[in-house]
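Visitor: Take a look and give me a structure for this.
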Amino acid sequence: MTVARTVLDEAPNMAALFARAAVTTRGRGGPLPDTRLARTGVPVDPGHLAAYARVCRFPLADALPVAYPHVLAFPLQVALMTDRAFPLALPGLVHVRNLIEVERPIGSGEVLDLEVWAERFATHRSGATVDLCASVSAGGAEVWRGRSTYLARGAQAPDGAPAADVEVPVGELDRVAAEWRVPDDAGRRYAGVSGDVNPIHLSGLTAKAFGFKRAIAHGMWVQARALAALSGRLPDAVAVDAAFRKPLYLPSTVVLATAARDGGWDLAVRNERTVTEHLVGTVRPR
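Guide: Have a look, this model is predicted:
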């Protein structure tokens, strides 16, 4: 199988991509494209890194936050998903699972190479899922991998597609480690640093157009916020696997529950009042 690899000179314009996505929702279908998008020699912008750290509550450090490379690769993923060859419409896609694998801490001054692609078109009881994958290299060696699983409600995967795997099993989680009051602008603030301006995150009005009663928090913000709470206690080489369960409606008050397990952590983010689980995940040394 021949894979088409395109190297971009600069990050795609996110505003233009989302505008294109809004007017190209019809007429999509077929298999996933055999396409990879890449950028090489990408430096980390200190100002952007600082803004991301503020929004997600990471301390500033010499090494990048575990989830930060996702926002570097995300514009390439959006470019892939908004291309007419991609079978699912971007507006309304819901992030349901995210896996991050880190080989070593990545210095904030390192120059990075990024590459993204799509794989694993799968069936789901509510529609179809697809995995958007990302690889980040430094000095010629892969240092970070990400796999984001997105659900398209009402979509249909090709005949013979496997069943989606969107669950992350965790053990008992009785210890409340933190309480967060998540404001109604949390989606807009994370959109500002991530470029993820999916309408379901921005306001109640735009979220209702896609079936949500209010705006919902980005899954990647919830995951990053939980990882920030574990700053200084994560292994250098680590795997973080998170399932995004029920939407975290904005505003909300939530609690982070944790348990030390297998050299790492199990964790959950729950609504303080209803105990509804918004995220469950595992953090393990590699």
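Visitor: From start to finish, how long is stretch 152-166 in a straight line?
Guide: End-to-end distance for stretch 152-166, by CA to CA, to the nearest Å: 13 Å.
Visitor: sorry, that was for stretch 17-28
Guide: For stretch 17-28, the end-to-end distance is 16 Å (CA to CA).
Visitor: Let the chain start at 4 from now.
Guide: Will do, 4 is the new start, and the previous item becomes stretch 20-31.
Visitor: contacts for that stretch?
Guide: Stretch 20-31 has contacts (CB atoms under 8 Å, 6 or more residues apart in numbering) with 78, 81-82, 84-85, 87, 89-94, 200-201. The way it works is simple: take the backbone N, C-alpha and C, and place the C-beta from them, glycine included.
Visitor: Give me the spatial nearest neighbour of residue 24, chain neighbours excluded.
Guide: Once flanking residues are discounted, residue 24 sits nearest to residue 93: 4.0 Å by CB to CB, 6 or more residues apart in numbering.
Visitor: what's the answer for residue 254, then?
Guide: That would be residue 187: by CB to CB, 6+ apart, it lies 4.3 Å from residue 254.
Visitor: For whatever helix or strand residue 283 lives in, what is the distance to the chain centroid?
Guide: Assigning secondary structure by DSSP states H and E places residue 283 in strand 280-288. Between the centre of strand 280-288 and the centre of its host chain there is 13 Å, according to CA atoms, centre = their mean, to the nearest Å.
Visitor: What helices and strands are in contact with that strand?
Guide: Counting contacts by 3 or more CB pairs under 8 Å, 6 or more residues apart in numbering; DSSP states H and E, strand 280-288 packs against helix 222-232, strand 241-247, strand 267-274.
Visitor: Check what contacts it and list those residues.
Guide: 171, 173, 220, 222, 225-226, 229-230, 233, 237-238, 240-251, 257, 264-274.
Visitor: What's the mean pLDDT across that strand?
Guide: What strand 280-288 shows for mean pLDDT is 98.
Visitor: list the buried ones in that strand?
Guide: Using 16 or more other CB atoms under 10 Å as the test for burial, strand 280-288 gives 280-287.
Visitor: I'd like those residues as CSV, with distance to residue 51 appended.
Guide: Formatted as CSV, those follow (distance: CB to CB, whole Å):
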residue, distance to residue 51
280, 31
281, 26
282, 24
283, 29
284, 25
285, 29
286, 25
287, 29
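Visitor: biggest separation within these, which pair?
Guide: 281 and 287 (20.8 Å; CB to CB).
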